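**Q** Everything below, folded, please.
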Amino acid sequence: MDGKQLGDPVLGARAILTAVDSDTPPLQLLLGSDALRRAREKLDAVIDEIDRWEAITRSTDFQST
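**A** Have a look, this model is predicted:
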């Protein structure tokens with residue numbers, strides 16, 4: 001992929017410096033549209049799994065009396 005990647009390393013470095021200098025830097029810094037797409041796909045899959053198992057998850061709480 002050398003020379004064919006979507007991301008510009010100079011712009012990536014600038015983004016990192018911006019995040020480091022921020023008063024509220026992100027815990028996760030995504031660099032590039034490809035990283036953003038993959039992260040959103042992963043988050044969607046996690047949300048789908050959480051939704052499928054929600055009843056089991058909630059079933060472990062103490063029962064209210």
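**Q** residues in contact with the residue most central in space within the chain?
**A** Per Cα atoms, centre = their mean, the C-alpha nearest to the average position across the chain is that of Ala39, at 4.6 Å. The contact partners of Ala39, by Cβ atoms under 8 Å, 6 or more residues apart in numbering, come to 28, 30. Where you see a C-beta, it was placed from the backbone N, CA and C, and this is true even at glycine.
**Q** mind running it again at 6 Å?
**A** With contacts defined as Cβ atoms under 6 Å, 6 or more residues apart in numbering, Ala39 is in contact with Leu30.
**Q** Give me the three-state assignment for it.
**A** Counting by DSSP: H, G, I helix; E, B strand; the rest coil, the backbone at Ala39 sits in helix.
**Q** And it, how close does it get to Leu11?
**A** Here Ala39 is placed at a distance of 18 Å from Leu11 (Cβ to Cβ, to the nearest Å).
**Q** Can you pull out the residues in contact with the helix or strand where Ile16 lies?
**A** Per DSSP states H and E: Ile16 is located in helix 9-21. Contacts with helix 9-21, where a contact means Cβ under 6 Å, 6+ apart, come from 25-26, 29, 31.
**Q** for stretch 55-65, same thing?
**A** Contacts to stretch 55-65, defined as Cβ under 6 Å, 6+ apart, come from no residue at all.
**Q** In it, which residues are buried?
**A** Buried residues in stretch 55-65, defined by neighbour count with 16 or more other Cβ atoms under 10 Å: none.
**Q** got it, and stretch 10-26?
**A** Across stretch 10-26, burial judged by 16+ other Cβ under 10 Å covers Ala15.
**Q** Also stretch 31-48?
**A** Within stretch 31-48, the residues that count as buried by 16+ other Cβ under 10 Å are Leu31.
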